[in-house]
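[1] Return a 3D structure for these sequence lines:
(chains A, B, C and D)
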There are 4 protein chains.
Amino acid sequence: MANVGIGVVGLGRMGQVYATHTARQIEGATLVAVADPDREALARFAAQVPGVEVLSHYQDLCAHPQIQGVIVASPTSTHRDVVIEAAQAGKAIFCEKPLALTLRATDEIIEAVQRAGVPLQVGFMRRFDRGYAAARRKIDAGAIGQPVMIRSIGRDPYRTSLEFANPAVSGGLIVDMAIHDFDCLRWLMGDDIERVYTEVAALVYPELLGVGDVDNAMINVRFQGGGLGNVEVSRTALYGYDIRCEVVGSKGTIEIGYLRETPILVLTQEGVTHDVVPHFPQRFGPAYTAQIEHFVECLRHARQPAVSAADARAALLACLAATLSQREERVVTVDEVSERSQ
Amino acid sequence: MANVGIGVVGLGRMGQVYATHTARQIEGATLVAVADPDREALARFAAQVPGVEVLSHYQDLCAHPQIQGVIVASPTSTHRDVVIEAAQAGKAIFCEKPLALTLRATDEIIEAVQRAGVPLQVGFMRRFDRGYAAARRKIDAGAIGQPVMIRSIGRDPYRTSLEFANPAVSGGLIVDMAIHDFDCLRWLMGDDIERVYTEVAALVYPELLGVGDVDNAMINVRFQGGGLGNVEVSRTALYGYDIRCEVVGSKGTIEIGYLRETPILVLTQEGVTHDVVPHFPQRFGPAYTAQIEHFVECLRHARQPAVSAADARAALLACLAATLSQREERVVTVDEVSERSQ
Amino acid sequence: MANVGIGVVGLGRMGQVYATHTARQIEGATLVAVADPDREALARFAAQVPGVEVLSHYQDLCAHPQIQGVIVASPTSTHRDVVIEAAQAGKAIFCEKPLALTLRATDEIIEAVQRAGVPLQVGFMRRFDRGYAAARRKIDAGAIGQPVMIRSIGRDPYRTSLEFANPAVSGGLIVDMAIHDFDCLRWLMGDDIERVYTEVAALVYPELLGVGDVDNAMINVRFQGGGLGNVEVSRTALYGYDIRCEVVGSKGTIEIGYLRETPILVLTQEGVTHDVVPHFPQRFGPAYTAQIEHFVECLRHARQPAVSAADARAALLACLAATLSQREERVVTVDEVSERSQ
Amino acid sequence: MANVGIGVVGLGRMGQVYATHTARQIEGATLVAVADPDREALARFAAQVPGVEVLSHYQDLCAHPQIQGVIVASPTSTHRDVVIEAAQAGKAIFCEKPLALTLRATDEIIEAVQRAGVPLQVGFMRRFDRGYAAARRKIDAGAIGQPVMIRSIGRDPYRTSLEFANPAVSGGLIVDMAIHDFDCLRWLMGDDIERVYTEVAALVYPELLGVGDVDNAMINVRFQGGGLGNVEVSRTALYGYDIRCEVVGSKGTIEIGYLRETPILVLTQEGVTHDVVPHFPQRFGPAYTAQIEHFVECLRHARQPAVSAADARAALLACLAATLSQREERVVTVDEVSERSQ
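    Below you'll find the predicted structure:
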């Protein structure tokens, strides 16, 4: 079977990772071109990965006849335009999360993709992590009975820049970070979120309040089927990158996550010490690769990707409801947010 | 120093434990008498622990001249009367949790105890567990900086009887179980609770709905100083008794709890397996003894016990607010509940 | 059923523990008397546990008509005389390990006990630890198939005194410490030891060489049935008391032991830290009580104790063979040592 | 800096891994050619990794002017000839372990390499594992004081084929497997081995006896500086691939290894279950890549690789001594084996 041609839009941190991996490691894929308005970034990439076309305009990449799949890793604010362009050109699309910061942009994307009849996969890479994937298989196999409760913790080891923390740029703590947790909540419970209630704090980095953001959020969740959930997102975990999830079922429970990086323990009179995962590349590196492998695999076999634009919309909706709850200090249903946006 | 004389009111499960331990293991204490209306229970105890007076009426025990301290382990509905009787007789009092199911009864107890000038310790035994106590010492020593977030999980391995689940009897899931968690929240954060929001479910034991109870509750918490909290209580942890707590600070985090009972691992082709703590006597047995040791120690040295009636009131208040939030599906402040009760 | 009368010979550290527990915690037992040549020790005990006879001569204790069982916790060098006296008086005997430091004394004890027809239990308390006991049950149930290999590690957190380290007093590192490990080897493998080879070192406490002892020993073992074993004993584990065992079977493996004391983890930028078990009372406290419960239980129901004098002899034989191997730097069979002693 | 040209000799399992990784993942390296007498293997590889020369004779590869470094992954019996050819051609050499099965062949290799003045790195990939490497750094930094004892466990989840088990082919259990352990012993203790004593068994796979091999070996070790060691190698760990090491120092201890594969725990009434690492690619995959990165890095910067031919010789010597000890059932010094071979 011939390789599929891939183009990558955006050479920021994630774009470089996707482009390099596609060029070197993803079986069945050939990296045809990368696009970025920054000429220096293009030059650096060309030196590092020879034999790939470098383009200044994503429109040229979307129109490239040897490209069947477009990986969108440009800034979130540009996702809508790039995805619509790629869809209209009939390309399969992989888009880094979040798809967009507003329901309106998300819906425009969904509409364009549906009209063009092209597949779109969203970068919820946790679904491709071996731990999360194994948990889902165990749940499907009935290992814990019916899922009734879920808790998801996402902690970053340091705060983001104040520029990025600004809700107008990143969507704020909840949209930026909890979108992964909400996707996992839906995926592992097999149910949709009904309503949320958010408490927030900014005790460690009070300067975040000045740009409209906070450093910790604790979100209570009820699912449509009556299950319970809780999401905690934090920028104050100085000790490391700590991503955990627990699904409680009627017959048992599953815990996902670990608090160890290298497999060594040091025992001295001060106690037993081991290290912690420092940040996301150490924790989810293989999952980033695995999701692109899935995208290429689906493209080669004309299958639908496992993570759809509808999933991205549902996770964003939960984030927006949780953010509204944060602002108005009351319980908010996702229906209310959905209706408001129309 | 002479031993102090102790009387135990109530020979139910906890009363028997307290009486036996006092008779045999607590240094500096002599078990003088036990009281229970059930004559057979008295006879059984007399056969098991010879040399202790057995009384049918708690009033006789409270009036006993050789008794300086009374351990109240009778049904919760009788706590108010027994404690007031003991206080008026000038005895020091240890009362099993919950002190009472209503703020009114709690306040009557507090008033009687203050008027009599006697000390009262409440049975929040987690404070005497080596794990919780070590965590508190670490926090006090600054090991994690300023505490900003806390989560407490309390899971029982099976549901209670429908009779007991009835909120009129036990106060319902939250008052019955989460009172321990709310006490730990206050104690470890060093702050008071401002408001709560509760989501509940009864997906595993829907029959609980018939008596007005549920099997799982997820409670979001905000502290007066702006910290965040979350309490989960569950009757559906078929896999074992699972009590955990995590305190997140500005410089680190502390996790309390364990998921192993005996120190053996079995590794076969099916994977690695170990056991879990089956129920509370295995997890907190030593803490039950340690709290009585503390009570006796305080009595002998005329010191105030570390767990006061005010602590019991504050934990109950949080439980009542969380229960009101459960019923009315809205955020509830503890002030609102406190004012209502007056 | 009436309580059995117990006498304790020797009020050293272990004697006090056994006497206090028998007086207070062991169901079905009454502590009748204690014996020790040290009058002050007797006086201190009398003040602490009233109502027990205190005797200067163990002979009087052995002759006491209300005593059915004698717990021997006097210095090892006196075990032979005390045990023989108790046996001739027809008492059941519990003797702290090691039964004796020589095969000759051991055999004299065994002969006296057999002639008197009284039961004798030896203080191999690890068999009563919940971890070791659970491992044995798993092995018996076939969980790991046929046991083929075992490793046992025994590490003390500091070195003993030079006086005690002297092989003439304690038997040396291997007899003093590895006797527990060799008992576990035999008990968990269900087989007898055929030969051993020992390597030793004194790199941390070279002063031990001056009294004829070492601080670490690594002993290779072959069982009669062809299985393999390894025993490590160490006085240099400054980080804590570390007792572990692993049994490898044809279908799986079992690990016994843990490296955590209180159930808390502290996570900071320096890593994750937890404590370790400091010393044997924290690790094996309940096992010390459990073995006396077993002794009393056997006495009350006229059953043979689970740990026999023959077990003590076999473990000592392995220790002596390992010590001979240490001195002569060659492989030694237990048969050789057994024959030499005759 | 220009890329270095790499050739891979041998397209067996490891050869394919090295060739593919060099072609795709190793920065600074270009895979120029592969050599294998099997034409089908060459054809398959050419289809998978286009643009690489495929050669039937390793002599052609060694003579290739664009190749600076040769990775030798052909059968062990051919190592000597290939390495000498490459050395004489002036190439830097990476040779998969074991360098050779005899001291004579090893010494011929060492002589040829020294005469040619080319660097030779041996495939002791554990040194490039993050756990082992972190342990070494901790030891160097004094975290555990002076190392005094080491234990290394290497367990495979199933037995090898009878053909391969034959000592004439693989060197037998100890040479085949324990060579990694002996290398780690020397590297982590910073000392050379003085003598060994081996016990073996074949209780699970007695058919191995028919070809002169066994399924378990337990090897006691003394170092020249007086430290102690123990190596266990096993083919009977049906539960998984279990590689562990512990270094005990005068001030603390370090444990390397883990018994978990994916980061999930499943808790049910049957207990807590998690998986184990199935085999070496899951455990040491990144280390295999890291050692080639090191080789290429050394080649580019004209540095000596960290793992030398002398290390390979010393580890083989310990294996041969342990194998001799196995056969003659006595303690064997490495000097004896070294002298014998001359």
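[2] got the residues of the stretch 201-342 of chain A near chain D?
    By C-beta under 8 Å from any C-beta of the partner chain, the residues of the stretch 201-342 of chain A that approach chain D are A:251-258, A:260-269, A:275. All C-beta spots, glycine's among them, are computed from the backbone N, C-alpha and C.
[3] who touches the most far-flung residue of chain A relative to its centre in this structure?
    Ranking residues of chain A by C-alpha distance from their mean position (C-alpha atoms, centre = their mean) puts residue A:269 at the top, at 42.1 Å. Counting by C-beta atoms under 8 Å, 6 or more residues apart in numbering or on different chains, residue A:269 touches C:238, C:239, D:251, D:252.
[4] Give the pairing partners of the host helix or strand of residue A:148; include direction for each.
    According to DSSP states H and E, residue A:148 maps onto strand A:147-155. Strands that pair with strand A:147-155, judged by DSSP bridges, come out as strand A:228-234 (parallel), strand A:242-249 (antiparallel).
[5] Could you look over those and pick the most buried one?
    Highest mean neighbour count of the strands paired with strand A:147-155: strand A:228-234, a mean of 26 (counted as mean count of other C-beta atoms under 10 Å in any protein chain shown).
[6] Let me see the mean pLDDT of that strand.
    The average pLDDT within strand A:228-234 is 98.
[7] Tell me how far it lies from the chain's centre.
    Its chain's C-alpha centre and that of strand A:228-234 lie 16 Å apart, by C-alpha atoms, centre = their mean, to the nearest Å.
[8] rewinding a little: which of the contacts of residue A:269 sits closest to chain B?
    Within these, proximity to chain B (C-beta to the nearest C-beta) peaks at residue C:239, which comes in at 17.1 Å.
[9] For the closest one, grab the count of nearby residues.
    Residues lying near residue C:239 (other C-beta atoms under 10 Å in any protein chain shown) number 26.
[10] Could you do residue A:103 as well?
    So residue A:103, with other C-beta under 10 Å, has 17 neighbours.
[11] how deep is the nearest residue to it once chain neighbours are set aside tucked in, by neighbour count?
    For residue A:103, ignoring the flanking residues on the chain, the nearest one in space by C-beta to C-beta, 6 or more residues apart in numbering or on different chains is residue A:341 at 4.2 Å. A count of nearby residues for residue A:341, using other C-beta under 10 Å, gives 13.
[12] and residue A:341, what does it touch?
    Neighbouring residues of residue A:341 by C-beta under 8 Å, 6+ apart: A:102, A:103, A:104.
[13] Repeat that for residue A:162.
    Residues counted as contacts of residue A:162 (C-beta under 8 Å, 6+ apart) are A:207, A:208, A:210, A:211.
[14] what bridges to residue A:95?
    residue A:72, residue A:122.
[15] does it really touch residue A:76, like I thought?
    No. Using C-beta atoms under 8 Å as the test, residue A:95 is too far from residue A:76 to be in contact (9.6 Å).
[16] Of the two, which one has the most company?
    Taking other C-beta under 10 Å, residue A:95 and residue A:76 do not tie; residue A:95 has more neighbours (27 against 20).
[17] Who does the closest residue in space to residue A:296 that isn't next to it in sequence form a beta bridge with?
    The shortest distance from residue A:296 to any non-neighbouring residue, by C-beta to C-beta, 6+ apart, is to residue A:29 (4.5 Å). Counting by DSSP bridges, residue A:29 forms beta bridges with residue A:4.
[18] what's the spacing between residue A:29 and chain D?
    12 Å (C-beta to the nearest C-beta, to the nearest Å).
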